[in-house]
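Q: just a sequence and a predicted model for now, questions to come.
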Amino acid sequence: MTILPVIPTSPDAPDAVATRRRPAMPPRHFADLDSAGRKAAVTELGLPAFRAKQLSTHYYGRLVRDPEAMTDLPAAARAQIAGDLFPPLLTPQRELACDDGATRKTLWRLHDNALVESVLMGYPDRVTACVSSQAGCGMACPFCATGQAGLTRNLSVAEIVDQVVYLAGVAASGAVTGSPPRLSRVVFMGMGEPLANYPRVIEAVRRITAPAPEGLGLSQRHITVSTVGLVPAMRRLIAEELQVTLALSLHAPDDDLRDELVPVNQRWKVAEVLDAAFDYAAQTGRRISIEYALIRDVNDQPWRADLLGRLLHGKLAHVNLIPLNPTPGSKWDASPKPVEREFVRRLREAGVATTVRDTRGREIDGACGQLAASELTTVDAGSPAADAEVAR
Ligand code: SF4
């Protein structure tokens, strides 16, 4: 593991807000605005409307996040734009790299001291960004570090988009060893339940997938939105007619266990959640991804593999098994490899495509929320994250 130098931070970012007790949304940022909003915003500043496109070209096309580096703008306009449209949203708290530089994780401190994290994962043929959609998470899955700390607040559209623009810039710099320099995929699998922050996540998806320079120009098919199964929001997503991949964090095929592992199952049961997911697949023609964290002696029994196989047989779905990355002191542990192999074998025998997720970033607390969770012990007393930790 390599601890990377932390990028210099804005002098007034963390400490000035350390005593703030109530989570508050951040100030408006350029990335919050759609095309019409950007034009209106620059016009309000007394600048010609064409500056909006210029700013989009810098931010989305060239991945320039600091207006001071947009040197084809007049100096006075740069200062004005920085103050009004580019308030610092994400302050790097820690940056870590492992897997010989192919995995890079950033822990961000937000304007109100909340902590979130993003991960960049490089492969020979692609670079994937994993981003957070909420600070913390209110879904309370007991095996998950983020779930243990509770929800601090939703992220704004710009706080989500700016993670992606930053990570695209890291990829473009060639810093991800052995990978192409262009960010190709974005997965909403960092901190938070994306569909619990529905309008902002969808708006962020639109910004990320809008053709450059209006957005980052990524293919919708290269975006994955995960959910624990908020059925009304899943049905709303069907109506959006997007082509994003839906990942359903199932983790158990039976209601008895899922009620415990994914408490929202007490509201929307396995059958109802799967129905919504299958309807999404039917509407989009996109195979859904069933995420299943394999937990020793909890959900890894052969009969559960068989039940899952029966539920998914003949459906446009594949299973992504996740070897659990246990949090320190947790009673939850990963399944032994022979148990994992038998689970895979039974699913495949049932005709269900199954893969085992690679375990990128283990050295750097790679499971969702673990870096932020480990940082909670050192954040200032009085921060929302610290409050959440103390309260549980
Ligand atoms: S597993 Fe996902 S949905 Fe559940 S608490 Fe963790 S971040 Fe939230």
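A: Right, received. Where do you want to start?
Q: helices of the chain, start to end?
A: Using DSSP state H, the helices of the chain run over 35-44, 50-56, 75-85, 145-149, 157-172, 198-209, 231-240, 255-261, 270-284, 302-312, 337-349, 370-375, 384-391.
Q: I figured Cys141 hits Ala149, correct?
A: No: taking CB atoms under 8 Å as the definition, Cys141 is not a contact partner of Ala149, at 11.7 Å. No exception for glycine: its C-beta is placed from N, CA and C like everyone else's.
Q: give me the more crowded residue out of those two.
A: Regarding Cys141 and Ala149, a neighbour count based on other CB atoms under 10 Å identifies Ala149 as having more, with 26 against 21.
Q: tally of neighbours for the residue of the chain found nearest the ligand?
A: Distances between the chain and the ligand by CB to the nearest ligand atom are smallest at Gly147, namely 2.6 Å. Counted with other CB under 10 Å, the burial measure for Gly147 works out to 24 neighbours.
Q: likewise the one 3 residues further on?
A: Residues near Gly150, counting by other CB under 10 Å, number 18.
Q: look up phi and psi at it.
A: Comment: the main-chain dihedrals of Gly150 come out as phi 80, psi 180, following degrees, to the nearest 10.
Q: quick one: it from Gln134, how far?
A: With the distance defined as CB to CB, to the nearest Å, Gly150 ends up 10 Å from Gln134.
Q: kindly report the same for Thr106.
A: Distance from Thr106 to Gln134, counting by CB to CB: 16 Å.
Q: nearest residue to Ile202 in space, please, no chain neighbours.
A: On the basis of CB to CB, 6 or more residues apart in numbering, the spatially nearest residue to Ile202 that is not a chain neighbour turns out to be Glu240, at 6.4 Å.
Q: which strand residues bridge Ile288?
A: According to DSSP bridges, the partner residues bridging Ile288 are Ala317.
Q: correct me, but it touches Ala247?
A: Yes: here Ile288 lies in contact with Ala247, judged by CB under 8 Å, at a distance of 7.3 Å.
Q: ok, back up a step: can you lay out the helices of the chain as CSV showing mean pLDDT?
A: Rendered in CSV, the data for these read as follows (pLDDT from 0 to 100):
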stretch, mean pLDDT
helix 35-44, 96
helix 50-56, 96
helix 75-85, 92
helix 145-149, 82
helix 157-172, 97
helix 198-209, 98
helix 231-240, 98
helix 255-261, 97
helix 270-284, 98
helix 302-312, 98
helix 337-349, 98
helix 370-375, 51
helix 384-391, 25
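Q: which other residues reach stretch 271-282?
A: The contact list for stretch 271-282 (CB atoms under 8 Å, 6 or more residues apart in numbering) reads 229, 231, 234-235, 237-238, 246, 248, 250, 265, 286-288, 290, 311, 315-317.
Q: how far away from the center of its chain is it?
A: 22 Å (CA atoms, centre = their mean, to the nearest Å).
Q: report whether it contacts the ligand.
A: No: applying CB under 6 Å from any ligand atom, one finds stretch 271-282 out of contact with the ligand, separated by at least 12.9 Å.
Q: buried residues in that stretch?
A: For stretch 271-282, the buried set under the neighbour-count rule, 16 or more other CB atoms under 10 Å, comprises Val273, Leu274, Ala276, Ala277, Phe278, Tyr280, Ala281.
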